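1. Compute the structure for the input listed below.
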Amino acid sequence: MTDPSSTSAGNPFDGRRVLVTGAAGFIGSHLCAALLARGARVIGVDNFLSGTRDNVAALTGAAGFELLERDIAEPLDVEAGLIINLACPASPVDYQRHPVETIKASVLGAMNLLELARRQGAVIVQASTSEIYGDPREHPQHESYWGHVNPVGARACYNESKRCAETMFATWRSQYGIDARIARLFNVYGPRMRANDGRVVSNFIVQALHGQDITVYGDGSQTRSFCFVDDIVDGLLRLAAAGSDAWGPVNLGNPQEITVAALARRIVALCGSRSALRFMPLPADDPVRRCPNIAVARATLAWQPQIDLDQGLSATIAWFQQQAGTAR
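-> I've put the predicted structure just below:
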C-alpha cells in the first residue's frame, strides 16, 4: 500500500500544525509520535481522566510537540490546520465510572472542536467507534448499517454520545461546509493499553502473565475483530490526508474474526502460561458479534491491516512484560 504521507505529492503533514485531543491516551500517544515522525508540529490536549503522562513522556520536550492539560468540554482556542479528536474514555471501566464526563467529552467536546475547525478552516477527524453499531443484527458491519443500540443501557453513555458526535460532524459538514471526517475504530489493542482498563486483550494478558485464571464472560463464543494500534494510526493518517470527498464514515478495523475463548487460549499460549479459563455471566448489552466490513477503507484510503494477530499480541505481551519487569 502507498502511505499517503509519502506520496509524490509530498508529505501532507510536514510542518503542519496538528491538534490531537486525547493525546495522552493509548491511541492518541501513538498518533502523536507518528505525526512527529512525519514532521508535523503537534499540539496534544488531554485532561488526564483516562490518559497518562507516561504515555507521552518520550515526546515531552521533543521538537515540535506541545502538551496542554485541557478539557475539550470547555471551548479551546488553539491554532491548527488539522484536528484529530480522540478525547473520550473508551474502555467500559472508564466510561461506566465517568458516564457524565464521557457524554460531555463526546457531545460538548465535538461541538467545541467543530466550532474551532469552522473558525480556522481546519480539517477535522472524529475517532468514532464500532460501539455505535451496538449489538448488531447485521454481520459484518457496513457503514450503511444504522446499528442496534440500547439508549438507556450500561454502555449508552459511550455509544449514544459517540452516535450524537457523528451526527454533529455530518451536520456541521452539510450546514457550514467544514471538512469534517469520521472514522469508526474496531477493537484496537497494542502497547500502552492500561493493565486495569477492562478491555479483553489487556485483561487476558495480565491474567496470563500472573498465572491467574482467564476471566471469560459468557460462554466465549462471542466474537471480536482486533486491530493493532499501528494499523489504526495508519488508517487515521490516511483519512486525514485523503481528499475531502472521502469523509466517511469509514470503518477501520481488522476483518479477521475470532471468538473470545479462542483469543484467551491464544494469549495463554503466547505467554507460556498455564492459566485456565473461568467463565462468568455475560455483562448487559455486550455485543454477540463484532466485525467490520472494510470495503470503503480499501477503496477510498487503500488501507487494510498489515499486522496479524499473533504478531500484534506478541508485541503487546512484550510491552506488558517490560512494564511489570518480567521480560524474559
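2. so what's His98 up against?
-> Contact analysis of His98 by CB atoms under 8 Å, 6 or more residues apart in numbering lists 49-50, 89. Backbone N, C-alpha and C define where each C-beta goes, glycine included.
3. contacts for stretch 53-61?
-> 23-26, 28-29, 32-33, 36, 42, 44, 46, 65, 67, 192.
4. if you set the cut-off to 7 Å instead, what comes out?
-> Residues from elsewhere that reach stretch 53-61, judged by CB atoms under 7 Å, 6 or more residues apart in numbering: 23-25, 29, 32-33, 36, 44, 65, 67, 192.
5. Out of these, list just those in helices.
-> Among the contacts of stretch 53-61, DSSP state H puts 29, 32-33, 36 in helices.
6. In TSV, list these along with distance to Pro281, pLDDT and neighbour count.
-> Listed next are the ones in helices among the contacts of stretch 53-61 as TSV, based on distance: CB to CB, whole Å; pLDDT from 0 to 100; neighbours: other CB atoms under 10 Å:
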residue	distance to Pro281	pLDDT	neighbour count
Ser29	34	98	27
Cys32	39	98	30
Ala33	39	98	18
Leu36	44	98	19
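7. what's the pLDDT at Asp285?
-> Asp285 is assigned 77 on the pLDDT scale.
8. and it, helix, strand or coil?
-> Look at Asp285: counting by DSSP: H, G, I helix; E, B strand; the rest coil, its state is coil.
9. So what's the residue count around it?
-> Residues near Asp285, counting by other CB atoms under 10 Å, number 16.
10. Identify all contacting residues around the helix or strand where Leu113 lies.
-> In this assignment (DSSP states H and E), Leu113 forms part of helix 109-120. Residues from elsewhere that reach helix 109-120, judged by CB under 7 Å, 6+ apart: 21, 72-73, 75-76, 78-80, 83, 85, 87, 124, 126, 165, 168-169, 172, 176, 178, 180.
11. Also compute the angle for the helix or strand following it relative to helix 109-120, please.
-> Of the helices and strands lying after helix 109-120 in sequence (DSSP H and E), the nearest is strand 123-129. If you take axes from the mean of the first three to the mean of the last three CA atoms, to 10 degrees, strand 123-129 sits at 170 degrees to helix 109-120.
12. Which elements pack onto strand 123-129?
-> strand 82-85, helix 109-120, helix 156-176, strand 180-185, helix 229-241 (3 or more CB pairs under 7 Å, 6 or more residues apart in numbering; DSSP states H and E).
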